[in-house]
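Colleague: Predicted model and sequence follow; I will ask about them next.
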Amino acid sequence: MSFNTLDDLEPGQRVLVRLDLNSPVEDGTVQDNRRFERHAETVRELAERGDRVVCMAHQGRPGDDDFVSLRQHADILAEHVGRDVRFVPDTYGPEAVEAIDGLDDGEILLLENVRMCEDELPEAPPEEKAETEFVRTLAAEFDAYVNDAYSAAHRKHASLVGFPLVLPAYAGRVMESEYEANTAIASRTFDGQVTMVVGGTKATDVIGVMNALDEKVDRFLLGGIAGELFLRAAGYPVGEDVEGMDLFDEQWEQNADTIRALLEERGDQITLAKDLAYEDAEGERAEVLVEDVAEKTQGFLDVGTDTVAVYDDAIRDSEAVFVKGALGLFEDERFSVGTVGVLEAIAETDCFSVVGGGDTSRAIEMYGLSEDDFSHVSIAGGAYIRALTGDPLPAVEVLEAEAN
Ligand SMILES: Nc1ncnc2c1ncn2[C@@H]1O[C@H](COP(=O)(O)OP(=O)(O)OP(=O)(O)O)[C@@H](O)[C@H]1O
Ligand SMILES: O=C(O)[C@H](O)COP(=O)(O)O
């Protein structure tokens, strides 16, 4: 590990901890999710050691409906930590400083949404962020800074890159485990076949992963919207938007040539769906072989069962499997067969496995699979794809730089 971790941090200190509690908000209510459960472990460990733990996090972006206070987050976090989590509706003003000063050893406080603070958001180099009033004022209250927010590490925001320059900086447990698992595909060598299941809605994610990992991955298994775009490039008349979706045409225009070139150059590595599922006139799931699709009039929402059987075999033959993106609209049970099928195959084998993408990993809990059957289930979206494609994560880089 190239950064300092909690094992290097002396207990009994005043610690400022950056978490990523960014969550879905429905009708103003913050939804509990895996991020709370994971970060709770870091927070609990620090509190149990007798540290004074002050957490900061963000929620949404100014102007968006989910840009709300962290008051509800404090209660959800408290449930997972199993200890009180106080909340103060301020980030670094006098009210926040007073609340920080009032903490005893082992107590936990959550500050208000850091994105309500002007200095937080504009992306800038760490040196600039470290000079902001927000970082300077808040840092004066602490002995150490812990970054646990791996899933936000692709952002050059003050709370992520500024503090490591002015306080001794450490990676939290989530940061540590996410970093290790998500860089495994690039950094580890596996004896057997390495398989990557790629789907979801974004063709550029799939193209990026294929370009970055062509030497590391033996076989890419495709599905989702991205998979249909590859099928279209292979000459099949698929890739039609169903009502209310706008996922294909623009992506096709922008990526068709690249996808065609990938199929030409790396066709051997790429496995496309052989059948697809759609909603029939009765509202039931129906399937068709890709080679029997006659014209482009039908929207498809999942890969078919023959495809799942092929992917299942490939997974059972693998030493390591990485997943990015869903193979279908799994939120609707009728179209969960592809996504759940590959997850079940992975869960039943003892290969090294990493499942990532905020949406995709949600399928694990939705369909009653156990996280313990995977080597790692990532809570990161944007940061996961950047890690896979080898793009730098500025908040990780600054932790590494300060450790050396
Ligand atoms: N054929 C399809 N039609 C419609 N939606 C689909 C289809 N295939 C996959 N999806 C949707 O793709 C979504 C996952 O997309 P995507 O890969 O962009 O997300 P992710 O990688 O899981 O997470 P993140 O959004 O964090 O990047 C799922 O919510 C799923 O419903
Ligand atoms: O939820 C996330 O993926 C991270 O917290 C990053 O959030 P952002 O995309 O709003 O910066």
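Modeller: Sure thing, it's come through. Fair warning: this is a prediction, and the values are worked out from it, not measured in the lab. Ligands and ions are numbered 1, 2, ... in the order given.
Colleague: Let me know the pLDDT of the residue in the stretch 201-350 of the chain positioned nearest to ligand 1.
Modeller: In the stretch 201-350 of the chain, the residue that lies nearest ligand 1 is residue 325 (3.0 Å; C-beta to the nearest ligand atom). C-betas here are computed from N, CA, C, even on glycine. At residue 325, the model reports a pLDDT of 94.
Colleague: Hmm, it is touching residue 201, no?
Modeller: Yes: under the criterion of C-beta atoms under 8 Å, residue 325 makes contact with residue 201 at 7.4 Å.
Colleague: The stretch 301-404 of the chain: helices as residue ranges?
Modeller: Secondary structure of the stretch 301-404 of the chain (DSSP state H, counting those that start in this stretch): helices located at 305-316, 337-348, 358-366, 382-389, 394-403.
Colleague: so does the last one get close to ligand 2?
Modeller: Translated: helix 394-403. No: applying C-beta under 6 Å from any ligand atom, one finds helix 394-403 separated from ligand 2 by no less than 10.9 Å.
Colleague: what's the answer for stretch 144-160, then?
Modeller: Yes: judged by C-beta under 6 Å from any ligand atom, stretch 144-160 and ligand 2 are in contact via 151, 152, 155.
Colleague: now stretch 192-209
Modeller: No: Stretch 192-209 stays clear of ligand 2 (C-beta under 6 Å from any ligand atom), getting no nearer than 13.4 Å.
Colleague: ends of that stretch, how far apart?
Modeller: Stretch 192-209 has an end-to-end distance of 20 Å (criterion: C-alpha to C-alpha, to the nearest Å).
Colleague: go on, stretch 274-289?
Modeller: One end of stretch 274-289 sits 6 Å from the other (C-alpha to C-alpha).
Colleague: Same question for stretch 288-305.
Modeller: Start and end residues of stretch 288-305 are separated by 10 Å (C-alpha to C-alpha).
Colleague: which parts of it are buried?
Modeller: Along stretch 288-305, these residues count as buried under the neighbour rule (16 or more other C-beta atoms under 10 Å): 288, 290, 293, 298, 299, 300, 301, 302, 303, 304.
Colleague: what's the answer for stretch 190-201, then?
Modeller: In stretch 190-201, counting by 16+ other C-beta under 10 Å, buried: 193, 194, 195, 196, 197, 198, 199, 200, 201.
Colleague: if you average pLDDT over it, what comes out?
Modeller: Across stretch 190-201, pLDDT averages out at 95.
Colleague: Report whether it contacts ligand 1.
Modeller: Yes: using C-beta under 6 Å from any ligand atom, stretch 190-201 reaches ligand 1 at 199, 200, 201.
Colleague: quick check, distance from that stretch to the centre of its chain.
Modeller: Distance of stretch 190-201 from the chain centroid (C-alpha atoms, centre = their mean, to the nearest Å) equals 17 Å.
Colleague: How about stretch 101-121?
Modeller: Stretch 101-121 has its average C-alpha position 24 Å from the chain's average C-alpha position, going by C-alpha atoms, centre = their mean.
Colleague: thinking again about what came up before, what's the lowest-pLDDT member of the buried residues of stretch 288-305?
Modeller: Least confident entry in the buried residues of stretch 288-305, by pLDDT: residue 298, with 79.
Colleague: contacting residues around the residue in the chain positioned nearest to ligand 1?
Modeller: Across the chain, no residue is closer to ligand 1 than residue 200, which sits at 1.7 Å (C-beta to the nearest ligand atom). Contacts for residue 200 were tallied using C-beta atoms under 8 Å, 6 or more residues apart in numbering; they are 206, 224, 225, 226, 324, 325, 326, 357, 359, 360.
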